[in-house]
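Chemist: 3D, please:
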Amino acid sequence: MRSLICSCLLILCFALPPAWAAQAGEPAPPFSLPSLSGETVALASFRGKVVAVVFWTTWTKHISSQLHDLTALEEELGPQGLVVLAVDRGEDEKTVGDFLAAHKLTPRVLLDAGDAARAYGVNGLPDIWIVDRAGVLKAHFVGYSPADLPRIRALVEKELAPPKEEQPPEEAARPSPEIPASLRAYARLQMGAAHINIGDAFVKAGYADEGHYQMARDEFTAGIALDPRNADLHVWLGLALERLGDGEDAGREYQTALKLDPHNAYAQDSLRRLGVPWSPPGERPDTPPAPPVPVN
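Modeler: This is a model prediction of the structure:
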């Protein structure tokens, strides 16, 4: 069971970044998020400081060591202008608060429902971005080990150092490439499918994991907004809704998929499984539905 869980975490940590992931040299995507103390904290309020943005969850491997190291680094270099923002992805306030108390951690924690992580293209946890005083992304670290701390320290100290005289002007940030909507929709489908697979793996290992199913639902919904006539996206959204226990809305998504693609076998089988009437291509609308397929 432990090896299965580790494999799932490795999928998170080492999967390729999505096509729309943020890039070093670009302006840092803005966000305003609630903190554990109830205030709203905006990244823009730290302009003029060097910011380490850390995306994490309580189940992230080695996260207690990482937060301890980064908090200590902030205590040391904070007077020079370093700020650490620990952005928890998708967990509730009690879960995060209990974890911090259990490990005696005191970072500045923000709670993200998923929008900030998606804006940065986070595809593995922990995920660290260094933002310079001008609000530009300078470096990206995926995963963490104590050996990474000297590299992070060196980069932060370089950004905190006063500018040298007669420095050449900084190279203009390169514009983000225009990615076709259909390709972005396909990327959303792939990301959502990965979340469903990871959620299924956790469930098979004996752990309840609605979080990944919710992220899958969000990815497919975003994909449909880009490509509303994509039958496969509607089928996958239906599957995510089934995992979340919403059979009624799942059935509607499967029916939508069949309107777009009357021969979609998975949508047909899913409606049979749910006992929802549908009309196969070429049959009269009043044809009785096939009996539901028993679920093992």
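
Chemist: SS state for Val41?
Modeler: Assigned with DSSP: H, G, I helix; E, B strand; the rest coil, Val41 falls in the strand class.

Chemist: next, count neighbours for it.
Modeler: Close neighbours of Val41, defined as other Cβ atoms under 10 Å, add up to 17. The way it works is simple: take the backbone N, C-alpha and C, and place the C-beta from them, glycine included.

Chemist: just for the stretch 51-200 of the chain, where's the confidence low?
Modeler: Where the stretch 51-200 of the chain drops to pLDDT under 70, the residues are 165-173, 176.

Chemist: skip the chain neighbours and tell me the closest residue to Tyr213.
Modeler: Leaving out its chain neighbours, the residue that sits closest to Tyr213 by Cβ to Cβ, 6 or more residues apart in numbering is Arg243, at 4.3 Å.

Chemist: who are the contact partners of the one you found?
Modeler: Residues counted as contacts of Arg243 (Cβ atoms under 8 Å, 6 or more residues apart in numbering) are 196, 199-200, 210, 213, 216.

Chemist: which SSE is Leu125 in?
Modeler: Counting by DSSP states H and E, no helix or strand carries Leu125.

Chemist: how about the helices in the protein?
Modeler: Counting by DSSP state H, the segments of the chain that form helices are 2-14, 63-77, 93-103, 115-119, 148-160, 181-204, 210-226, 231-243, 247-260, 265-274.

Chemist: return the set of buried residues in the fourth one.
Modeler: Using 16 or more other Cβ atoms under 10 Å as the burial criterion, the residues of helix 115-119 that qualify are 116-119.

Chemist: now, which of the residues you listed sits nearest Ala187?
Modeler: When those are compared for distance to Ala187 (Cβ to Cβ), Arg118 wins out at 11.2 Å.

Chemist: so who does that closest one touch?
Modeler: For Arg118, the contact set (Cβ under 8 Å, 6+ apart) comprises Ala222.

Chemist: returning to that earlier point: and the contacts of Arg243, which are buried?
Modeler: Taking 16+ other Cβ under 10 Å as the criterion, what is buried in the contacts of Arg243 is 196, 199, 213, 216.

Chemist: if we can go back for a sec, of the helices of the chain, which is nearest Ala22?
Modeler: Comparing those under Cβ to Cβ, the one sitting nearest is helix 115-119, at 7.3 Å.

Chemist: distance-wise, check the residue lying closest to Phe55 once chain neighbours are set aside relative to Arg118.
Modeler: Leaving aside its chain neighbours, Phe55 sits nearest to Asp127 (4.3 Å; criterion: Cβ to Cβ, 6+ apart). Distance from Asp127 to Arg118, counting by Cβ to Cβ, to the nearest Å: 12 Å.

Chemist: with Trp129 instead?
Modeler: Between Trp129 and Arg118 the computed distance is 14 Å (Cβ to Cβ).

Chemist: Glu219 too?
Modeler: For Glu219, the distance to Arg118 equals 8 Å [Cβ to Cβ].

Chemist: ok, now Asp218?
Modeler: Plainly put, Asp218 is 8 Å away from Arg118 if you go by Cβ to Cβ.

Chemist: likewise for Val54?
Modeler: From Val54 over to Arg118 (counting by Cβ to Cβ), the distance is 16 Å.

Chemist: cool, and Thr256?
Modeler: With Cβ to Cβ as the criterion, Thr256 and Arg118 are 24 Å apart.

Chemist: same check on Gln190?
Modeler: Distance, Gln190 to Arg118, using Cβ to Cβ: 14 Å.

Chemist: same thing with Pro150?
Modeler: Distance of Pro150 to Arg118, computed by Cβ to Cβ: 30 Å.

Chemist: report the buried residues of stretch 221-237.
Modeler: Within stretch 221-237, the residues that count as buried by 16+ other Cβ under 10 Å are 222-224, 226-227, 230-237.

Chemist: same question for stretch 63-81.
Modeler: For stretch 63-81, a neighbour-count test (16+ other Cβ under 10 Å) marks 63-64, 66-67, 69-71, 73-74, 77 as buried.

Chemist: which among these gets closest to Val83?
Modeler: Top of the list for closeness to Val83, among those and by Cβ to Cβ, is Glu74 at 6.9 Å.

Chemist: ok, that closest one - contacts?
Modeler: Counting by Cβ under 8 Å, 6+ apart, Glu74 touches 52, 82-84, 107.
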